[in-house]
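Engineer: The following block contains a protein sequence and its predicted model.
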Amino acid sequence: MNPHLLEERVATVTDGGDLADTARARLAAHKTTADSCRHRTAERRAELERVLAGGEGGRDALDLMLELDALERVQERIDHRLSELCDSLSEPRAPRYGDAQPL
């Protein structure tokens, strides 16, 4: 997912003052994980470019490619989970009673 769109979605959720501390902590943890994965992916991509350009890298290009591939696939999952969490925290909350039907 586009990181800027994801940032906007997170911002719309965190702007609400009625968000519980546990929900705010979950959202922060998801966002930190997504940002960390994106940062690590950028680092590995740059390292791979240096190695493939013949520079001193210290790591094998194949190892870097495998790690980069895994990070890119995981990033999609992390972004999807963060997006779903934003959706669930943004849903209007209707009171539910014994029959689980909103009033």
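Structural biologist: Everything's here; your move. Here the structure is a predicted model, which means the values were calculated and not measured. Residues are numbered from 1 along each chain as shown.

Engineer: can we go C-alpha only for contacts and neighbour counts from here?
Structural biologist: Noted.

Engineer: tell me the SS of Gly54?
Structural biologist: Classification of Gly54 using DSSP: H, G, I helix; E, B strand; the rest coil returns coil.

Engineer: How much space separates it from Arg45?
Structural biologist: Using CA to CA, to the nearest Å, Gly54 is found at 15 Å from Arg45.

Engineer: In the chain, what helix or strand scores lowest on average pLDDT?
Structural biologist: Ranked by mean pLDDT, DSSP states H and E, the weakest helix or strand in the chain is helix 3-14, scoring a mean of 81.

Engineer: what about this structure, any weak spots by pLDDT?
Structural biologist: By pLDDT under 70, the low-scoring segments of the chain are 1, 14-17, 57, 91-103.

Engineer: Just the helices from it, written as ranges.
Structural biologist: 3-14, 21-52, 61-90 (DSSP state H).

Engineer: Pick out the residue closest to the middle of this protein.
Structural biologist: By CA atoms, centre = their mean, the chain has its centre lying nearest to Ala34, at 2.8 Å.

Engineer: picking up where we left off before, between Gly54 and Arg45, which has more neighbouring residues?
Structural biologist: Neighbours per residue (other CA atoms under 10 Å) separate Gly54 from Arg45, with Arg45 holding more: 17 against 8.

Engineer: what about the nearest residue to that one once chain neighbours are set aside, neighbour count?
Structural biologist: Closest residue to Arg45 apart from its sequence neighbours, by CA to CA, 6 or more residues apart in numbering: Leu68 at 6.8 Å. Other residues near Leu68 number 19, with proximity taken as other CA under 10 Å.

Engineer: hang on, Leu68 packs against Arg44?
Structural biologist: Yes - with contact defined as CA atoms under 8 Å, Leu68 reaches Arg44; the gap is 6.2 Å.
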